[in-house]
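[1] sequence unknown, structure follows:
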(Lines give C-alpha, C1' and ligand atoms only; values in the text may rest on other atoms or scores of the structure.)
Protein backbone atom coordinates (compact mmCIF):
# COMPACT_ATOMS: atom_id res chain seq x y z
CA UNK A 1 0.00 0.00 0.00
CA UNK A 2 1.37 3.42 -0.93
CA UNK A 3 1.74 6.25 1.55
CA UNK A 4 -1.17 8.12 -0.01
CA UNK A 5 -3.41 5.03 0.13
CA UNK A 6 -2.46 4.50 3.79
CA UNK A 7 -3.27 8.13 4.57
CA UNK A 8 -6.66 7.85 2.87
CA UNK A 9 -7.39 4.65 4.79
CA UNK A 10 -6.38 6.20 8.12
CA UNK A 11 -8.61 9.22 7.50
CA UNK A 12 -11.70 6.96 7.29
CA UNK A 13 -11.21 5.55 10.80
CA UNK A 14 -11.22 7.00 14.28
CA UNK A 15 -8.79 5.02 16.42
CA UNK A 16 -8.10 5.42 20.11
CA UNK A 17 -4.72 4.02 21.10
CA UNK A 18 -4.37 2.83 24.67
CA UNK A 19 -0.68 2.79 25.49
CA UNK A 20 -0.99 1.10 28.86
CA UNK A 21 -2.62 -2.03 27.43
CA UNK A 22 -0.73 -1.94 24.15
CA UNK A 23 -4.02 -1.99 22.25
CA UNK A 24 -6.32 0.20 20.21
CA UNK A 25 -9.95 0.31 19.15
CA UNK A 26 -11.15 1.88 15.93
CA UNK A 27 -14.43 2.70 14.25
CA UNK A 28 -14.89 3.37 10.56
CA UNK A 29 -16.29 6.84 10.14
CA UNK A 30 -18.27 8.60 7.44
CA UNK A 31 -17.64 12.15 8.58
CA UNK A 32 -16.82 14.47 11.43
CA UNK A 33 -20.09 16.12 12.41
CA UNK A 34 -18.91 18.53 15.07
CA UNK A 35 -15.77 19.59 16.94
CA UNK A 36 -15.27 22.21 19.63
CA UNK A 37 -13.03 23.09 22.54
CA UNK A 38 -14.94 24.00 25.68
CA UNK A 39 -13.38 25.58 28.80
CA UNK A 40 -12.98 22.01 30.11
CA UNK A 41 -12.24 19.67 27.21
CA UNK A 42 -12.34 19.01 23.47
CA UNK A 43 -15.49 17.32 22.16
CA UNK A 44 -15.87 15.66 18.77
CA UNK A 45 -18.92 13.98 17.24
CA UNK A 46 -18.53 11.52 14.36
CA UNK A 47 -20.96 9.64 12.18
CA UNK A 48 -19.76 6.05 11.79
CA UNK A 49 -20.61 3.43 9.19
CA UNK A 50 -21.80 0.75 11.62
CA UNK A 51 -21.93 2.13 15.18
CA UNK A 52 -24.15 5.17 14.71
CA UNK A 53 -22.96 8.41 16.24
CA UNK A 54 -19.74 8.54 18.27
CA UNK A 55 -18.78 11.09 20.93
CA UNK A 56 -15.08 11.57 21.65
CA UNK A 57 -13.73 13.71 24.50
CA UNK A 58 -10.06 14.67 24.58
CA UNK A 59 -9.31 11.92 22.08
CA UNK A 60 -11.04 9.17 24.12
CA UNK A 61 -14.19 7.38 23.01
CA UNK A 62 -17.11 8.19 25.31
CA UNK A 63 -20.36 6.92 23.84
CA UNK A 64 -21.69 5.36 20.65
CA UNK A 65 -25.23 4.74 19.50
CA UNK A 66 -24.61 1.01 19.14
CA UNK A 67 -23.17 -0.07 22.49
CA UNK A 68 -24.01 2.62 25.06
CA UNK A 69 -26.80 0.49 26.57
CA UNK A 70 -24.25 -1.85 28.15
CA UNK A 71 -22.67 0.90 30.22
CA UNK A 72 -25.76 2.92 31.05
CA UNK A 73 -27.78 -0.09 32.19
CA UNK A 74 -25.00 -1.49 34.37
CA UNK A 75 -24.28 1.89 35.95
CA UNK A 76 -27.87 2.20 37.10
CA UNK A 77 -30.00 -0.96 37.41
CA UNK A 78 -27.77 -3.14 39.63
CA UNK A 79 -27.61 -0.37 42.22
CA UNK A 80 -31.28 0.54 41.97
CA UNK A 81 -32.35 -3.10 42.33
CA UNK A 82 -29.98 -3.53 45.27
CA UNK A 83 -31.31 -0.54 47.20
CA UNK A 84 -34.64 -1.23 48.89
CA UNK A 85 -36.27 1.94 47.49
CA UNK A 86 -34.09 4.74 46.13
CA UNK A 87 -36.18 7.90 46.06
CA UNK A 88 -33.47 10.55 45.72
CA UNK A 89 -30.64 10.00 43.25
CA UNK A 90 -27.70 12.17 42.22
CA UNK A 91 -25.64 11.50 39.09
CA UNK A 92 -22.22 13.11 39.04
CA UNK A 93 -21.08 13.50 35.44
CA UNK A 94 -23.21 11.58 32.96
CA UNK A 95 -23.55 14.54 30.62
CA UNK A 96 -24.76 12.36 27.73
CA UNK A 97 -27.86 11.71 29.89
CA UNK A 98 -28.06 7.96 29.20
CA UNK A 99 -27.68 7.04 32.86
CA UNK A 100 -30.33 9.60 33.81
CA UNK A 101 -32.72 7.97 31.33
CA UNK A 102 -32.16 4.53 32.90
CA UNK A 103 -32.53 5.84 36.46
CA UNK A 104 -35.87 7.44 35.66
CA UNK A 105 -37.26 4.13 34.39
CA UNK A 106 -37.64 3.26 38.10
CA UNK A 107 -40.97 4.58 39.32
CA UNK A 108 -39.81 4.74 42.95
CA UNK A 109 -37.29 7.49 42.03
CA UNK A 110 -38.87 10.77 43.03
CA UNK A 111 -35.99 13.06 42.12
CA UNK A 112 -32.83 12.62 40.02
CA UNK A 113 -30.26 15.39 39.81
CA UNK A 114 -27.56 15.23 37.16
CA UNK A 115 -24.48 17.33 37.90
CA UNK A 116 -22.01 17.76 35.03
CA UNK A 117 -19.43 20.52 34.85
CA UNK A 118 -19.61 20.89 31.05
CA UNK A 119 -23.02 21.87 29.68
CA UNK A 120 -21.83 21.41 26.11
CA UNK A 121 -21.69 17.62 26.53
CA UNK A 122 -25.40 17.58 27.28
CA UNK A 123 -26.36 20.04 24.55
CA UNK A 124 -24.45 18.02 21.95
CA UNK A 125 -26.02 14.79 23.26
CA UNK A 126 -29.45 16.35 22.86
CA UNK A 127 -28.63 17.07 19.22
CA UNK A 128 -26.76 13.91 18.20
CA UNK A 129 -27.99 11.31 20.74
CA UNK A 130 -31.62 12.38 21.32
CA UNK A 131 -32.59 8.85 22.35
CA UNK A 132 -30.33 9.18 25.40
CA UNK A 133 -31.95 12.47 26.39
CA UNK A 134 -35.60 11.47 26.16
CA UNK A 135 -36.05 11.77 29.94
CA UNK A 136 -34.43 15.20 30.29
CA UNK A 137 -37.85 16.80 30.42
CA UNK A 138 -39.17 14.41 33.09
CA UNK A 139 -40.49 16.51 36.00
CA UNK A 140 -38.41 14.39 38.38
CA UNK A 141 -35.16 15.34 36.57
CA UNK A 142 -32.94 18.33 37.26
CA UNK A 143 -29.83 19.18 35.21
CA UNK A 144 -27.10 21.20 36.89
CA UNK A 145 -23.91 22.36 35.15
CA UNK A 146 -21.58 22.93 38.07
CA UNK A 147 -18.62 21.30 39.82
CA UNK A 148 -19.76 17.90 41.12
CA UNK A 149 -17.04 17.73 43.77
CA UNK A 150 -18.13 21.05 45.28
CA UNK A 151 -21.79 20.04 44.97
CA UNK A 152 -21.28 16.90 47.00
CA UNK A 153 -19.06 18.63 49.57
CA UNK A 154 -21.87 21.09 50.30
CA UNK A 155 -24.78 18.65 50.07
CA UNK A 156 -27.26 18.24 52.91
CA UNK A 157 -26.25 15.32 55.17
CA UNK A 158 -28.23 12.07 54.98
CA UNK A 159 -30.51 13.30 52.20
CA UNK A 160 -29.72 10.93 49.31
CA UNK A 161 -30.35 7.25 48.64
CA UNK A 162 -28.01 6.71 45.69
CA UNK A 163 -25.07 8.54 44.13
CA UNK A 164 -23.92 7.44 40.67
CA UNK A 165 -20.52 8.72 39.55
CA UNK A 166 -20.67 8.49 35.76
CA UNK A 167 -17.33 10.15 35.09
CA UNK A 168 -14.64 10.18 32.47
CA UNK A 169 -11.20 8.69 33.23
CA UNK A 170 -9.46 9.93 36.41
CA UNK A 171 -7.65 12.79 34.69
CA UNK A 172 -8.50 16.44 34.17
CA UNK A 173 -11.91 17.54 35.53
CA UNK A 174 -12.71 14.01 36.77
CA UNK A 175 -9.50 13.38 38.74
CA UNK A 176 -10.92 14.54 42.07
CA UNK A 177 -13.89 12.15 41.77
CA UNK A 178 -11.64 9.20 42.60
CA UNK A 179 -10.27 10.45 45.93
CA UNK A 180 -11.00 9.76 49.58
CA UNK A 181 -12.24 13.31 50.25
CA UNK A 182 -14.91 12.96 47.57
CA UNK A 183 -16.01 9.58 48.93
CA UNK A 184 -16.26 11.09 52.41
CA UNK A 185 -18.57 13.78 51.02
CA UNK A 186 -20.73 11.11 49.40
CA UNK A 187 -20.86 9.08 52.60
CA UNK A 188 -22.03 12.12 54.56
CA UNK A 189 -24.76 12.91 52.01
CA UNK A 190 -26.19 9.38 51.96
CA UNK A 191 -28.96 8.12 54.19
CA UNK A 192 -28.47 4.93 56.23
CA UNK A 193 -28.12 2.02 53.76
CA UNK A 194 -27.44 4.57 51.01
CA UNK A 195 -25.27 3.55 48.08
CA UNK A 196 -22.52 4.90 45.87
CA UNK A 197 -21.67 3.43 42.44
CA UNK A 198 -18.81 4.62 40.28
CA UNK A 199 -17.38 3.56 36.93
CA UNK A 200 -14.06 1.90 37.71
CA UNK A 201 -12.28 1.34 34.38
CA UNK A 202 -10.99 -1.97 32.96
CA UNK A 203 -10.12 -4.86 35.31
CA UNK A 204 -7.52 -6.06 32.81
CA UNK A 205 -5.34 -2.94 33.01
CA UNK A 206 -6.65 -0.78 35.86
CA UNK A 207 -6.74 -3.27 38.72
CA UNK A 208 -4.48 -1.02 40.78
CA UNK A 209 -6.97 1.84 40.37
CA UNK A 210 -9.88 -0.40 41.36
CA UNK A 211 -7.97 -1.55 44.43
CA UNK A 212 -7.18 2.07 45.39
CA UNK A 213 -10.81 3.12 44.88
CA UNK A 214 -12.11 0.32 47.06
CA UNK A 215 -9.58 1.15 49.76
CA UNK A 216 -10.54 4.83 49.68
CA UNK A 217 -14.25 3.95 49.87
CA UNK A 218 -13.64 1.81 52.93
CA UNK A 219 -11.49 4.57 54.45
CA UNK A 220 -14.53 6.84 54.04
CA UNK A 221 -16.46 4.31 56.21
CA UNK A 222 -18.41 2.44 53.52
CA UNK A 223 -18.85 -0.99 55.09
CA UNK A 224 -19.56 -3.03 51.95
CA UNK A 225 -17.84 -2.74 48.55
CA UNK A 226 -18.40 -4.82 45.40
CA UNK A 227 -17.00 -4.50 41.86
CA UNK A 228 -19.17 -5.66 38.95
CA UNK A 229 -17.83 -6.26 35.45
CA UNK A 230 -19.48 -6.05 32.05
CA UNK A 231 -18.55 -5.88 28.35
CA UNK A 232 -17.97 -2.47 26.76
CA UNK A 233 -16.41 -2.71 23.26
CA UNK A 234 -15.90 1.04 22.92
CA UNK A 235 -13.57 1.31 25.93
CA UNK A 236 -9.96 0.07 26.32
CA UNK A 237 -9.76 -3.77 26.39
CA UNK A 238 -13.52 -4.06 25.76
CA UNK A 239 -14.16 -5.07 29.40
CA UNK A 240 -15.29 -2.52 31.97
CA UNK A 241 -16.45 -2.30 35.57
CA UNK A 242 -18.38 -0.33 38.14
CA UNK A 243 -17.77 -0.40 41.88
CA UNK A 244 -20.60 -0.15 44.40
CA UNK A 245 -20.21 0.90 48.03
CA UNK A 246 -22.85 0.93 50.75
CA UNK A 247 -23.40 2.28 54.23
CA UNK A 248 -24.17 -0.53 56.63
CA UNK A 249 -25.94 -3.21 54.60
CA UNK A 250 -24.28 -5.92 52.54
CA UNK A 251 -24.08 -5.82 48.72
CA UNK A 252 -24.09 -9.55 47.98
CA UNK A 253 -27.83 -9.72 47.31
CA UNK A 254 -30.44 -7.75 45.38
CA UNK A 255 -34.18 -7.61 44.81
CA UNK A 256 -34.33 -10.48 42.35
CA UNK A 257 -38.13 -10.60 42.17
CA UNK A 258 -38.26 -6.88 41.44
CA UNK A 259 -35.66 -7.20 38.70
CA UNK A 260 -37.47 -10.19 37.18
CA UNK A 261 -40.81 -8.35 37.04
CA UNK A 262 -39.51 -4.88 36.06
CA UNK A 263 -42.03 -2.89 34.06
CA UNK A 264 -39.58 -1.35 31.60
CA UNK A 265 -37.40 -2.70 28.79
CA UNK A 266 -33.65 -3.26 28.95
CA UNK A 267 -31.30 -4.63 26.31
CA UNK A 268 -28.59 -6.11 28.55
CA UNK A 269 -29.58 -6.04 32.21
CA UNK A 270 -31.68 -8.84 33.71
CA UNK A 271 -31.69 -11.02 36.83
CA UNK A 272 -29.14 -13.48 35.50
CA UNK A 273 -26.79 -10.73 34.31
CA UNK A 274 -26.95 -9.10 37.75
CA UNK A 275 -26.30 -12.38 39.51
CA UNK A 276 -23.39 -13.18 37.19
CA UNK A 277 -21.87 -9.71 37.56
CA UNK A 278 -21.61 -10.25 41.31
CA UNK A 279 -19.30 -13.20 40.68
CA UNK A 280 -15.64 -12.19 40.97
CA UNK A 281 -13.11 -13.57 38.44
CA UNK A 282 -10.31 -15.43 40.19
CA UNK A 283 -7.51 -12.99 39.38
CA UNK A 284 -9.62 -10.11 40.71
CA UNK A 285 -10.52 -12.06 43.83
CA UNK A 286 -6.82 -12.67 44.53
CA UNK A 287 -5.86 -9.04 43.89
CA UNK A 288 -8.78 -7.39 45.71
CA UNK A 289 -9.20 -9.84 48.57
CA UNK A 290 -12.87 -10.69 47.95
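    Right, received. Where do you want to start? Bear in mind that the values here come from a model prediction, so they are computed numbers and not experimental data.
[2] so where is the protein shaky, pLDDT-wise?
    1-11, 168-178 (pLDDT under 70).
[3] can you give me the strands in it?
    Per DSSP state E, the chain carries strands over the ranges 13-18, 23-37, 42-48, 53-57, 60-64, 88-93, 111-115, 141-144, 160-166, 190-199, 224-231, 239-246.
[4] of all the ones you listed, which one comes closest to residue 274?
    strand 224-231 (8.2 Å; CB to CB). C-betas here are computed from N, CA, C, even on glycine.
[5] which residues touch the closest one?
    Strand 224-231 has contacts (CB atoms under 8 Å, 6 or more residues apart in numbering) with 70-71, 74, 78, 200, 203, 210, 214, 217-218, 238-246, 248-252, 268, 273, 277-278, 280-281, 284, 288, 290.
[6] please pick the buried ones from these.
    70-71, 74, 78, 200, 203, 210, 214, 217, 239-246, 249, 251, 273, 277-278, 280, 284, 288 (16 or more other CB atoms under 10 Å).
[7] before we move on, back to that, to residue 264, which of the strands of the chain lies closest?
    Closest among the strands of the chain, using CB to CB: strand 111-115, at 14.7 Å.
[8] strand 88-93 and the closest one, what's the angle between them?
    Angle, strand 111-115 to strand 88-93, by axes from the mean of the first three to the mean of the last three CA atoms, to 10 degrees: 20 degrees.
[9] mind listing what strand 111-115 pairs with, with the direction of each?
    Applying DSSP bridges, strand 111-115 is found paired with strand 88-93 (parallel), strand 141-144 (parallel).
[10] highest mean neighbour count out of the ones you listed?
    strand 88-93 (a mean of 25; mean count of other CB atoms under 10 Å).
[11] and it, how far out from the chain's middle?
    Distance of strand 88-93 from its chain centroid, counting by CA atoms, centre = their mean, to the nearest Å, is 11 Å.
[12] how about residues contacting that strand?
    80, 99-100, 103, 109-116, 148, 151-152, 155, 159-168, 174, 177, 189.
[13] who does the spatially most central residue of the chain bridge with?
    Relative to the mean C-alpha position of the chain, the nearest C-alpha, by CA atoms, centre = their mean, is the one of residue 166, at 3.5 Å. Assessed by DSSP bridges, residue 166 has beta-bridge partners residue 93.
[14] is it true that it touches residue 75?
    Yes. Between residue 166 and residue 75 there is a contact under CB atoms under 8 Å: 5.7 Å.
[15] which neighbours do the two share?
    In contact with both residue 166 and residue 75: 99, 199, using CB under 8 Å, 6+ apart.
[16] domain ranges for the chain, per the record?
    10-64, 68-288 (automatic domain parsing).
[17] and the biggest helix by length in the chain, how far from the chain's centre?
    The residue-count maximum for a helix in the chain (DSSP state H) belongs to helix 68-82. Relative to its parent chain, helix 68-82 has a centroid offset of 9 Å by CA atoms, centre = their mean.
[18] repeat for stretch 253-264
    On CA atoms, centre = their mean, the centre of stretch 253-264 falls 21 Å from the chain's centre.
[19] which parts of it are buried?
    254-255, 258-259, 262.
[20] pull the residues that contact it.
    Outside stretch 253-264, the residues touching it (CB under 8 Å, 6+ apart) are 77-78, 81-82, 84, 105-107, 269-271, 274-275, 278.
[21] check those and tell me the two furthest apart.
    Spanning the widest gap among the contacts of stretch 253-264 are 107 and 278, at 24.4 Å by CB to CB.
[22] hang on, the earlier thing: and the contacts of stretch 253-264 as TSV, adding distance to residue 27?
    Listed next are the contacts of stretch 253-264 as TSV, based on distance: CB to CB, whole Å:
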residue	distance to residue 27
77	26
78	27
81	32
82	33
84	40
105	28
106	32
107	36
269	24
270	28
271	32
274	29
275	32
278	31
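[23] narrow those to those in helices?
    77-78, 81-82, 271, 274-275.
[24] nearest to residue 43, of the residues you listed?
    Using CB to CB, these come closest to residue 43 at residue 77, 27.4 Å.
[25] quick one: contacts for the spatially closest residue to the closest one that is not a sequence neighbour?
    Computed as CB to CB, 6 or more residues apart in numbering, the closest residue to residue 77 that is not its neighbour in sequence is residue 269, at 4.4 Å. By CB under 8 Å, 6+ apart, residue 269 lies in contact with 73-74, 77-78, 259.
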